[in-house]
Each structure stands twice: as structure tokens, then as C-alpha cells.
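All I have is the shape, not the residue letters:
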């Protein structure tokens, strides 16, 4: 099969388009012929500094396609089914094997390109807001990187839950587009101090829930922006800056909560998360949630696609198509 691979960590230029061995099917595995690959923020970070499980390494969490074969112990999937899959790597390829517990059937009226964008960002957004952030109607949520996959999903979900929704982005143009998805107040982090803006917009109170996918220095600001009994959920390091020691001295007297989150751990430990993602796919089928796709690249141009994302030009998901 053809795949986008690399032999060492580095920038987008390390990606090569080469012929590699087909993935091996295992007893609980589902082999799919890949038709759409959603590039996740974690994919670019893994390429930059993640572990190479094999060389050449095929990066990638998430992709969708048609089932070509199933393992002996697989139940619920058959050849010809349209599915979306998640795994620790292997999505940037023509073929992908994923465990059946990390595989979801795609509703008939959902385009496969949209389905490829769902499990990681929508599952992450949902859990950050509600399972760990405990967001309730009438509260205020701050979503960092609002134009990202997680950001766009979280804005919609928070608004649908009855919250007042703030989000950060790098340009006024991106923020303006986010209003169509439920954003109440946008904050341009390139020109404004988001902590000061959150305080100003809430009459000094702060926000109830922060979903922070940026990390680095931004994470300290997220804690500083919290209201009394506020909850900050850290879900990534998209800002690529070095982690800093956090000053949490204000958290205890304000009864605030800090949580880390990783979707993969929830999928391994609870059927709840699997059912939640199936619900997201159905919500997209019903028109209750929206997937935003910025642009599509051939798999052979994976390096260009990764570079486009890292230049912070994307609004929504960037896809690769084998």
C-alpha cells in the first residue's frame, strides 16, 4: 500500500509518500480501505516529537473508509460497511487496521469525509465540557483555539447546552465565522489579553469552564480566567511551547478544579465514550451538529497539508484522500 511515512521526527518535510507493507489483520481487528483521513493536532505533534513505533512510521489517529476484511473475533461489522476508526497511528495510508472497539459504523446519510472528522474532536469536546468540566446551562465556557476541530465541536455543544460561549482565535475573520456555530463572544489572542477580556465580559467574575488545547503559557492564563468554582480542562499542547510550572495558589481558596484529559484512555476504560461518539455521528446525520472541512489534499501531499495546519491557516479540519 501507499502511505505518508517518516524515518525520523521533524517538521512537515520529513513526510514521504512511499510503498510500505500492508497492515496485518488481528483477531479483533477491522481492515478498512481508507477513503478520508482527518489530520488531528496530535498527528502533527507526534510527527514532530512522538515515538516511532516502527520505521518507516505511519502517523495518524483517525480515518474513515469501507471494511475490506474482519478478524475472527469481530462482531457487528461486515465487509462493505462504511466505518470511521481511531488508533494510536496508521491513518495516513491506503489501508488501516483498527480494533473493533475503536470503530464506528457511519450513518447512511453522513458523507464519509465528514465522518472521518468526528470521533477525536467531538468526543474530546464533549468529555471536556460535560464529563470533566461539568458545564451546565447558564454557565460560561471559554474554548481555546476555537477554529480547530475540538474548538468548533465544543462551541456547538456548549451553545446547545445553554451556556454562554467565548472562544479564542488568531484572527477576527475566524472569530466572525464562529458566530454561525454558536459563538457569543470572540477574543483575538493576537491582539487582546484573553484573561482580561474574560474578566471584562463577565463583570470581573471569570468563566466557569475552560477547554484548553493550547497548553504552555496559555494554560496559566486559563487558570487565571476561572470564576469561583471554575473548572479548567487541559487537553493538549497545540501551541507547541514548552510546558511551564503552574501557579495554582488561587485555586484552593476559590474552590477551583484542574483536570487533564485524554480521549484514548476513556475509550479503553469505558463503553460510555464509545456510545457518546456514536451519538455524535447520529447528531450529524440529524443536522444537530456540523462538521467544518477547510480543504482536502491528496495523501501524496501530506507534507503540504501538515504545513498548512501548522501555519494556523485552517478553519476546521484538513483532510487527506488516498
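Now that the structure is in, tell me what you want to look at. Quick caveat, the model's predicted, so the values are computed rather than measured.

So, low pLDDT: which residues of the stretch 1-150 of the chain?
By pLDDT under 70, the stretch 1-150 of the chain contains no weakly predicted segment.

Strands along that one, start to end?
2-6, 16-19, 29-38, 57-58, 62-70, 82-86, 95-99, 103-105, 140-143 (DSSP state E, counting those that start in this stretch).

Which stretch among the ones you listed is buried most, on average?
Between these, strand 140-143 has the highest mean count of neighbours, a mean of 28, where neighbours are mean count of other C-beta atoms under 10 Å. Yep, even glycine has a C-beta here, placed from its N, CA and C like the rest.

Contact partners for the closest residue to residue 8 other than its chain neighbours?
In space, and not counting its chain neighbours, residue 8 is closest to residue 14: 6.1 Å by C-beta to C-beta, 6 or more residues apart in numbering. Applying C-beta atoms under 8 Å, 6 or more residues apart in numbering to residue 14 gives the contacts 6-8, 47, 303.

Of all residues in this protein, which one is nearest the centre?
residue 121 (3.0 Å; C-alpha atoms, centre = their mean).

Please tell me I have it right and that one contacts residue 40.
Yes - the criterion here is C-beta atoms under 8 Å, and residue 121 meets it with residue 40 at 7.4 Å.

in stretch 43-59, what counts as buried?
43-48, 50, 52, 57-59 (16 or more other C-beta atoms under 10 Å).

Residue 171 and residue 188, how far apart?
Counting by C-beta to C-beta, to the nearest Å, the separation of residue 171 from residue 188 is 7 Å.

How about residue 160?
25 Å.

cool, residue 182 as well?
18 Å.

Then residue 250?
25 Å.

which residues in the protein form helices?
Along the chain, counting by DSSP state H, helices occupy 41-49, 112-115, 119-126, 149-160, 172-178, 194-201, 217-224, 263-269, 271-285, 302-310.

Of all the residues in the fourth one, which ones are buried?
When burial is assessed from 16+ other C-beta under 10 Å, helix 149-160 yields the following buried residues: 149-159.

Same list, those, but as CSV with distance to residue 131 please.
Formatted as CSV, those follow (distance: C-beta to C-beta, whole Å):
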residue, distance to residue 131
149, 18
150, 14
151, 18
152, 19
153, 14
154, 13
155, 18
156, 17
157, 12
158, 14
159, 18
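
and the nearest residue to residue 91 once chain neighbours are set aside, how many neighbours?
Nearest residue to residue 91 in three dimensions, chain neighbours excluded: residue 60, at 2.8 Å (C-beta to C-beta, 6+ apart). As a burial measure, residue 60 scores 28 neighbours (other C-beta atoms under 10 Å).

Make sure residue 244 is actually in contact with residue 223.
No - taking contacts as C-beta under 8 Å, residue 244 lies outside contact range of residue 223: 11.4 Å.

Residue 73 and residue 52: what is the separation?
29 Å.

swap in residue 39?
18 Å.

same check, this time on residue 208
40 Å.

How about residue 180?
From residue 180 to residue 52 the distance is 40 Å (C-beta to C-beta).

Now distance to residue 233 too, for the contacts of residue 14, in CSV please.
Output for the contacts of residue 14, formatted as CSV (distance: C-beta to C-beta, whole Å):
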residue, distance to residue 233
6, 31
7, 35
8, 33
47, 25
303, 32
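
From the residues you listed, pick the one nearest residue 214.
Using C-beta to C-beta, residue 47 is the member of the contacts of residue 14 that sits closest to residue 214, with 18.4 Å.

ok, now which ones touch that closest one?
Residue 47 touches 6, 9-10, 12, 14-15, 59, 306, counting by C-beta under 8 Å, 6+ apart.

Count the neighbours of residue 114 for me.
Neighbour tally, residue 114, other C-beta under 10 Å: 23.

how about the closest residue to residue 267 other than its chain neighbours, what does it touch?
Leaving aside its sequence neighbours, residue 267 sits nearest to residue 273 (C-beta to C-beta, 6+ apart; 5.0 Å). Counting by C-beta under 8 Å, 6+ apart, residue 273 touches 123, 127, 263, 266-267.

Name the pair among those residues with the greatest separation in space.
127 and 267 (10.3 Å).

correct me, but residue 53 touches residue 89?
Yes - using C-beta under 8 Å, residue 53 is in contact with residue 89, at 6.0 Å.

Let me know the pLDDT of residue 271.
Here the pLDDT value assigned to residue 271 is 89.

now swap in residue 240 and tell me
pLDDT at residue 240 comes out at 58.

Over to residue 253?
97.

Next up, phi/psi of it, please.
phi -70, psi -20 (degrees, to the nearest 10).

The residue lying closest to residue 212 once chain neighbours are set aside: neighbour count?
Computed as C-beta to C-beta, 6+ apart, the closest residue to residue 212 that is not its neighbour in sequence is residue 222, at 4.4 Å. Residue 222 is flanked by 26 other residues according to other C-beta under 10 Å.
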